[in-house]
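>>> my questions concern the predicted model and sequence given below.
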Amino acid sequence: MGKHETNREDWEKHEETLEKFIQVIAKNMSLYGITTSVGRLYGTLYFSNEPMTLDNMRDALKMSKTSMSTGVRALSEMKMVEPSFKKGMRKDLYKSEEDWYKSFTSLFGNRWRHHTETNIEEAEETIHELEKLKQQTDEEELKETINYDIEKLEYAKNYYSWLMKFIRVVETGEIFEYVPREKNDGTNE
């Protein structure tokens with residue numbers, strides 16, 4: 001076996017090792033409602049030393065151009081991927097946002113804020129409907145049950161209100177005052 005073949009095997013081993021971690025990243029991102037393929041796309045961009053075109057990404061991930069475009073757009077909206085420029089290059093280039101702390105606060109904020117706001121609205125609507133039913137019914141036991149249910153819904157609303165405060169603490173970066181970033185996080189802070 002020649003030196004060239006050994007080197008190729010080493011490069012393949014390197015690629016396999018990174019691929020395992022990219023799968024971990026993709027699985028982790030699914031917690032935030034991001035599909036595994038989009039998570040893999042982010043992982044691939046993260047480990048790429050150079051910005052990539054859609055064609056590069058498509059070749060690396062064996063995805064359709066439409067899927068690639070949709071994935072890149074989704075990651076851009078979440079501020080996890082940004083356009084990159086290279087003199088003389090006509091095609092669009094993209095690179096990953098490498099500050100995971102920033103990505104987390106953005107991603108967490110976007111996802112949780114939407115769900116929490118929806119939950120608050122649903123709780124308020126349910127309380128409103130139950131109040132109407134309480135006014136209409138002559139059934140005393142049902143009125144008591146409704147009062148009990150409304151208490152539980154008010155508790156839920158208070159929880160969601162607290163969660164909105166927590167989301168703001170994360171989104172503004174204030175969270176880092178309470179849970180500091182790791183020392184060796186690649187920034188000069």
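Thanks, I have it.

>>> show me what the helix or strand residue 157 falls within is packed against.
Residue 157 belongs to helix 140-171 when elements are defined using DSSP states H and E. In terms of contacts (3 or more Cβ pairs under 8 Å, 6 or more residues apart in numbering; DSSP states H and E), helix 140-171 is packed against helix 100-136. C-beta: built from backbone N, CA, C; applies to glycine.

>>> for the helix it packs on, buried residues please.
When neighbours are counted by 16 or more other Cβ atoms under 10 Å, the buried residues of helix 100-136 are found to be 100-101, 103, 105-113, 116, 119-120, 123, 126-127, 130, 134.

>>> try stretch 37-45
Result for stretch 37-45 [16+ other Cβ under 10 Å]: buried residues 38-45.

>>> can you list the weak-confidence ranges in the chain?
For the chain, applying pLDDT under 70 flags the ranges 1-4, 185-189.

>>> quick one: furthest residue from the center of it?
Here the centre of the chain is the reference, and by Cα atoms, centre = their mean the most remote residue is residue 138, at 48.5 Å.

>>> so how far is residue 41 from that one?
Distance of residue 138 to residue 41, computed by Cβ to Cβ, to the nearest Å: 60 Å.

>>> then residue 111?
In terms of Cβ to Cβ, residue 111 sits 18 Å off from residue 41.

>>> these two touch, right, residue 109 and residue 170?
Yes: when contacts are counted by Cβ atoms under 8 Å, residue 109 is listed as touching residue 170 (5.8 Å).

>>> who touches the nearest residue to residue 79 once chain neighbours are set aside in this structure?
Setting aside the residues directly before and after it, residue 79 is nearest to residue 106 in space (Cβ to Cβ, 6 or more residues apart in numbering), at 4.8 Å. By Cβ atoms under 8 Å, 6 or more residues apart in numbering, residue 106 lies in contact with 78-80, 171.
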